[in-house]
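[1] mind folding the following:
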Amino acid sequence: MSILTPAVPGLVWAYHFHPGASPCTRLPLEVERRDLDVKDGFVWLHLNLADTRVTPFLENFPGITPPAAAALTTHDTHAAVTLDEQLIYGTLVDFQRDFDSDTRDIGWLHFFVSDRVIITTRLQPLRSVDRVRAAIEKNASRYGKPIDVFETIVAEFQRTLISLVMELTEELNLIEDFVYDNAPRDERRRLAPVRRTVVRLHRHLRTVLTLMRRAAAADDDEMPPGFDDAASRLVGRLESVDHDVYALQERARLLHEEIDSKQSSETNRHLYILSIMTAFMLPPTLITGFFGMNTSSLPFAAEGGNGGTAYAFGLIVLSVLAAWWLLKRAGII
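    Numbers count the residues shown, from 1 in each chain. Down below sits the predicted model:
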């Protein structure tokens with residue numbers, strides 16, 4: 001079988017976990033469908049939804065119910081966790097990754113977990129799943145059940161959130177240094193993408209946390225073996241990072257309010273200076289407007305005469321002094 005046309009459509013990788021001295025074996029990409037029916041242990045399949053043949057393959061996969069097959073092949077962009085007859089399936093939030101770097105773009109991981117198989121599907125490469133695969137390559141002895149792989153995927157998502165929180169905290173620290181600096185700077189353009197990222201993180205994290213709490217409270221006969229303990233641990237993990245994300249969101253909001261406050265203060269200061277200049281210039285403007293029609297011998301005039309130029313200039317000076325005295329007496333300056 002050619003690697004370009006594997007027997008399992010859209011196969012990204014496949015692992016066979018089994019007890020013994022070698023707890024995990026990576027299956028080749030040209031693995032046949034019958035080789036997935038293992039007698040001991042369980043299998044993890046990771047599929048790429050870009051291959052249109054994945055949908056009919058999953059619909060005919062033994063043990064996958066029609067709702068579970070729909071959950072594995074959906075393109076919905078919201079998290080979901082469903083427990084049904086000791087099966088668990090749905091959609092989790094993850095972060096996309098490029099070939100050589102991680103990104104902050106939201107991705108979606110669809111999953112199905114039974115007692116003999118765990119199947120995950122995605123449309124773009126995802127960060128947490130790749131890290132779980134790397135961890136399995138190093139040490140696979142800790143994965144005795146499919147639910148252990150599922151727990152590790154969610155736990156890796158929580159670790160990714162922690163790293164993102166640290167990165168966003170550093171960005172907020174830099175913005176905060178400029179905001180509270182003596183030199184006024186408008187940092188709203190730099191703060192806007194940070195706030196948008198934090199808000200999205202908090203929204204999706206709260207959704208996953210609510211779904212995990214609801215799944216942990218389901219009936220025992222609906223839960224896969226070992227899911228009760230795993231769900232309790234995952235809820236604790238997600239709650240801890242939820243507090244950090246919420247605190248980061250509040251800090252970004254307060255920082256935005258501080259920037260708006262400083263910008264408003266700066267605008268008010270400019271308006272104050274403009275008002276003072278207007279108050280000083282208004283009396284001379286009235287005087288020059290009046291004497292401009294009735295005064296001869298003005299500077300740069302083409303014809304001379306006996307006008308009251310000195311008298312006009314004197315009134316201008318007096319009006320400016322009078323305006324200053326009134327503003328000073330009123331406490332405006």
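
[2] may I have the helix or strand of the chain with the lowest mean pLDDT exported as CSV, CA atoms only?
    Of all helical and strand segments in the chain, the minimum by mean pLDDT, DSSP states H and E falls on helix 309-329, at a mean of 71. Only the C-alpha atoms of helix 309-329 are listed here, as CSV (Å, rounded to 0.1, in the frame of the first residue of the first chain):
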residue,chain,number,x,y,z
THR,A,309,-2.7,103.7,16.8
ALA,A,310,-0.9,104.1,20.1
TYR,A,311,-4.3,104.4,21.8
ALA,A,312,-5.5,101.2,20.1
PHE,A,313,-2.4,99.3,21.1
GLY,A,314,-2.7,100.5,24.7
LEU,A,315,-6.3,99.2,24.9
ILE,A,316,-5.1,95.9,23.6
VAL,A,317,-2.5,95.5,26.3
LEU,A,318,-5.0,96.7,28.9
SER,A,319,-7.6,94.2,27.7
VAL,A,320,-5.1,91.3,27.9
LEU,A,321,-4.1,92.3,31.5
ALA,A,322,-7.7,92.7,32.4
ALA,A,323,-8.5,89.2,31.1
TRP,A,324,-5.6,87.8,33.0
TRP,A,325,-6.7,89.5,36.2
LEU,A,326,-10.3,88.2,35.9
LEU,A,327,-9.1,84.6,35.2
LYS,A,328,-6.7,84.8,38.1
ARG,A,329,-9.4,86.1,40.4
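
[3] where does the stretch 1-150 of the chain have low pLDDT?
    Scanning the stretch 1-150 of the chain with the threshold set as pLDDT under 70 gives 1-6, 20-22, 99-100.

[4] and the spatially most central residue of the chain, how close does it get to Arg213?
    Against the mean C-alpha coordinate of the chain, by CA atoms, centre = their mean, the closest residue is Thr197 at 2.3 Å. Applying CB to CB, to the nearest Å, the value for Thr197 to Arg213 is 25 Å. All C-beta spots, glycine's among them, are computed from the backbone N, C-alpha and C.

[5] chain center to the longest helix seen in the chain, what's the gap?
    In the chain, with assignment by DSSP state H, the single longest helix is helix 227-291. Put simply, helix 227-291 sits 21 Å off its chain's centre (CA atoms, centre = their mean, to the nearest Å).

[6] quick one: that helix to helix 309-329, angle?
    150 degrees (axes from the mean of the first three to the mean of the last three CA atoms, to 10 degrees).

[7] helices or strands up against helix 227-291?
    If you count contacts as 3 or more CB pairs under 8 Å, 6 or more residues apart in numbering; DSSP states H and E, helix 227-291 packs onto helix 146-179, helix 188-216, helix 309-329.

[8] which elements pack onto the last one?
    When contacts are defined as 3+ CB pairs under 8 Å, 6+ apart, helix 309-329 packs onto helix 227-291.

[9] just the buried positions in stretch 29-42, please.
    By neighbour count on 16 or more other CB atoms under 10 Å, the buried set for stretch 29-42 is 29, 31, 36, 41-42.

[10] stretch 259-266 now?
    Residues of stretch 259-266 classed as buried by neighbour count (16+ other CB under 10 Å): 259, 262.

[11] from the buried residues of stretch 29-42, which is closest to Ile316?
    Nearest to Ile316, judged by CB to CB, of the buried residues of stretch 29-42 is Leu29 at 91.1 Å.
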